[in-house]
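Colleague: Okay, structure incoming, though there's no sequence with it:
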């Protein structure tokens, strides 16, 4: 690991525990963009159930980008790992559930969106690109937009795929995310320079922080994809049972 210091990520300098509660991100551009996006999506959505799903997605975005969690990601790789899991495995499927059919007439392809989303996830965990995202606001938002955009594409493809195709895709995504998490968990040394001097106030060494982040990706992320695959399998079995009866 390098000994470089002075990283200044979009979410600000790494906080210590005593100041975390005060570290809300009140970036006016972000607040305005979230408000406009929420208003636009709300006006295009009329069903009460869809609006509840949309509200949940907006609430998660507030948690990820406005609450002190944003600042915590400057201090801990594990917090950023949890952020990425929440963005791709919670916000993205919620948005896919309420995605207007009018915005896409062609059926999204699993063969396109599965590898595209997986490659995007791996690329942003390469140390060089990770460091770039913590050094530039533009690169930071490019990371967030590409992770969310490709994940929404993947979940839309899963939603509209046949049960067997969806199950295979979900299990495939779970495996590749688990592999990335395992590599981070069992790696012999910490690889993310921006966190070389930011984890100690939180009672973690940089390697312990990286291991925790890998476990979050491996286990928590895996639970989401496995659980969704099992739900689709249950739907498939119920359909076949009803047809046989």
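Modeller: Perfect, I can see it now. Small disclaimer: the values here were computed from a predicted structure and weren't measured.

Colleague: Give me the neighbour count for residue 82.
Modeller: Counted with other CB atoms under 10 Å, the neighbours of residue 82 add up to 21. Where you see a C-beta, it was placed from the backbone N, CA and C, and this is true even at glycine.

Colleague: so it makes contact with residue 216?
Modeller: Yes. Taking contacts as CB atoms under 8 Å, residue 82 lies within contact range of residue 216: 5.2 Å.

Colleague: Could you tell me which residues touch both of those two?
Modeller: When contacts are counted by CB atoms under 8 Å, 6 or more residues apart in numbering, residue 82 and residue 216 are jointly contacted by no residue.

Colleague: ok, and the closest non-adjacent residue to residue 225?
Modeller: residue 174 (3.8 Å; CB to CB, 6 or more residues apart in numbering).

Colleague: Helices of this protein, residue ranges please.
Modeller: Under the criterion DSSP state H, the chain carries helices at the ranges 28-44, 48-65, 69-75, 77-86, 92-97, 110-123, 127-133, 137-160, 163-186, 206-215, 221-244.

Colleague: So which of those is nearest residue 18?
Modeller: Evaluated over these, closeness to residue 18 peaks at helix 69-75, with 12.4 Å, by CB to CB.

Colleague: I'd like to know which elements the closest one is packed against.
Modeller: Packed against helix 69-75, as judged by 3 or more CB pairs under 8 Å, 6 or more residues apart in numbering; DSSP states H and E, are the following elements: helix 77-86.

Colleague: Can you check what angle separates the helix it packs on from helix 221-244?
Modeller: Helix 77-86 and helix 221-244 are oriented at 20 degrees to each other (axes from the mean of the first three to the mean of the last three CA atoms, to 10 degrees).

Colleague: Just give me how far helix 77-86 sits from the chain centre.
Modeller: Averaged C-alpha coordinates place helix 77-86 at 7 Å from its chain's average position (CA atoms, centre = their mean, to the nearest Å).

Colleague: Stretch 165-180 now?
Modeller: Between the mean C-alpha point of stretch 165-180 and the mean C-alpha point of its chain there is a distance of 15 Å (CA atoms, centre = their mean).
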